[in-house]
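1. next one to model:
(one chain, ligands or ions: 1)
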Amino acid sequence: MMSAGPEPETAALAALLRFYADIGVDAVVGETAPDHFNAPPSRDTPREMPREREPVRENITPLLRPQPLQVARSAAPGLDLAGITSLAALRAAMEAFDGCALKATATQLVFADGNPEAKIMLVGEAPGGDEDRQGLPFVGRAGQLLDLMLAAIGLDRTSVYITNIIAWRPPGNRTPTPAEIQSCLPFVTRHIEIINPDVMVCLGNVSVQTLLKTREGITRARGQWFDYPLPGRSLRALAMLHPAFLLRSPAFKRQAWADLQALRAMLDRT
Ligand code: URA
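-> Residues are numbered from 1 along each chain as shown. The predicted model follows:
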């Protein structure tokens, strides 16, 4: 007997799921509508009276004990991460950190991928849906393009190290807010210091403007080399177009190719 293909009902459900994905609905939140009028206050419900101290959670380092909520949300740059000298400790500190609201909606922390001994470190923006599910950066369509771009200059995930400015997925893949970026910045700067690469690549506007302190948009900044300050030295850092942008605007691939060749040349010199 010939296979009849999917049952009509299955095909209709698949089409519906595709439609939901296309319009940005990518998470199931529940079958029944929540009754917000009778729900107990959530952790994000504003408190009427500010509490003097948040309860101190056990099993987190004293360094990262939560500040009063308002302070923790806005003043994460005050975190002192200087005592954190290993990737494992940095990851544990991020797992324990509650100062970035994105953590509440993300599935998990997306820390890094690749070779911590690599000469080159890439910093993207924030995880998307695939990264959020798998817990690794750049594993979705943009990541596949990034792998092709790296392969074009003889690199792969054994010869680069990859992380993001933000470690938790913004809902619907929206651009992270300045407050979210600030709350995660101490972690990414410490991450760069621990990896201590020879060359850094900032992928896309958020990474370029945050780390390279430029106000130029990415289409002007791309291809430029910057000096990123590390303790005792500065690091050569290249601004590059984000692969997700290249998926949407393939005409820019020529510029991306020029930047990749500049990167290859810099790696060959260092
Ligand atoms: N875009 C990013 O900037 N980072 C990822 O990890 C995935 C997509």
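
2. list the residue ranges of this protein that fall below the pLDDT cut-off.
-> Along the chain, the parts satisfying pLDDT under 70 run over 1-6, 8, 12, 15-78.

3. and Ala251, that's in a helix?
-> Yes - according to DSSP: H, G, I helix; E, B strand; the rest coil, Ala251 belongs to a helix.

4. what residues does the stretch 1-150 of the chain put near the ligand?
-> Counting by Cβ under 6 Å from any ligand atom, the residues of the stretch 1-150 of the chain close to the ligand are 124-128, 131, 137-138, 140, 142-143. Where C-beta positions appear, they are placed from N, C-alpha and C, glycine not excepted.

5. residue contacts, His242?
-> By Cβ atoms under 8 Å, 6 or more residues apart in numbering, the contact list for His242 reads 124-125, 142, 203-205, 207, 218.

6. and for Pro176?
-> Taking Cβ under 8 Å, 6+ apart, we find Pro176 in contact with 102, 125-126, 165-166, 170, 184, 206.

7. for the residues you listed, which one is nearest the ligand?
-> Glu125 (3.5 Å; Cβ to the nearest ligand atom).

8. which residues touch the top strand by length along the chain?
-> Longest strand in the chain by number of residues, with DSSP state E as the criterion: strand 233-240. For strand 233-240, the surrounding residues in contact (Cβ under 8 Å, 6+ apart) are 192, 197-204, 208, 211-212, 214, 218, 221-229, 256, 259-260, 262-263, 266, 270.

9. quick one: buried ones out of those?
-> Neighbour counting with 16 or more other Cβ atoms under 10 Å marks 192, 197, 199-204, 208, 211-212, 214, 218, 221-224, 226, 228, 256, 259-260, 262-263, 266 as buried within the contacts of strand 233-240.

10. may I have the strand or helix carrying Met94 as CSV, with CA atoms only?
-> Taking DSSP states H and E as the criterion, Met94 maps to helix 87-96. C-alpha atoms of helix 87-96 as CSV (Å, rounded to 0.1, in the frame of the first residue of the first chain):
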residue,chain,number,x,y,z
LEU,A,87,35.2,30.0,33.5
ALA,A,88,33.6,27.6,35.9
ALA,A,89,33.4,30.2,38.6
LEU,A,90,32.1,32.8,36.2
ARG,A,91,29.4,30.5,35.0
ALA,A,92,28.4,29.7,38.6
ALA,A,93,28.3,33.4,39.4
MET,A,94,26.0,34.0,36.4
GLU,A,95,23.8,31.0,37.3
ALA,A,96,23.4,32.6,40.8
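
11. what packs against it?
-> Applying 3 or more Cβ pairs under 8 Å, 6 or more residues apart in numbering; DSSP states H and E, one finds that helix 87-96 makes contact with helix 178-195.

12. just the residues contacting the helix it packs on, thanks.
-> Helix 178-195 is contacted from outside by 73-74, 76-77, 79, 81, 84-87, 90, 93-94, 97, 99-102, 112, 116, 118, 121, 123, 161, 163-167, 170, 176, 200, 206, 210-211, 228, 230-231, 235, using Cβ under 8 Å, 6+ apart.

13. next one: it to chain centre, how far?
-> On the basis of Cα atoms, centre = their mean, to the nearest Å, helix 178-195 sits 10 Å off its chain's mean C-alpha point.

14. report the angle between the axes of whichever helix or strand comes after that helix and strand 233-240?
-> Using DSSP H and E, the next helix or strand after helix 178-195 towards the C-terminus is strand 199-203. Here the directions of strand 199-203 and strand 233-240 differ by 40 degrees (axes from the mean of the first three to the mean of the last three Cα atoms, to 10 degrees).

15. which strands and helices sit next to strand 199-203?
-> strand 120-124, helix 204-211, strand 233-240, helix 253-269.
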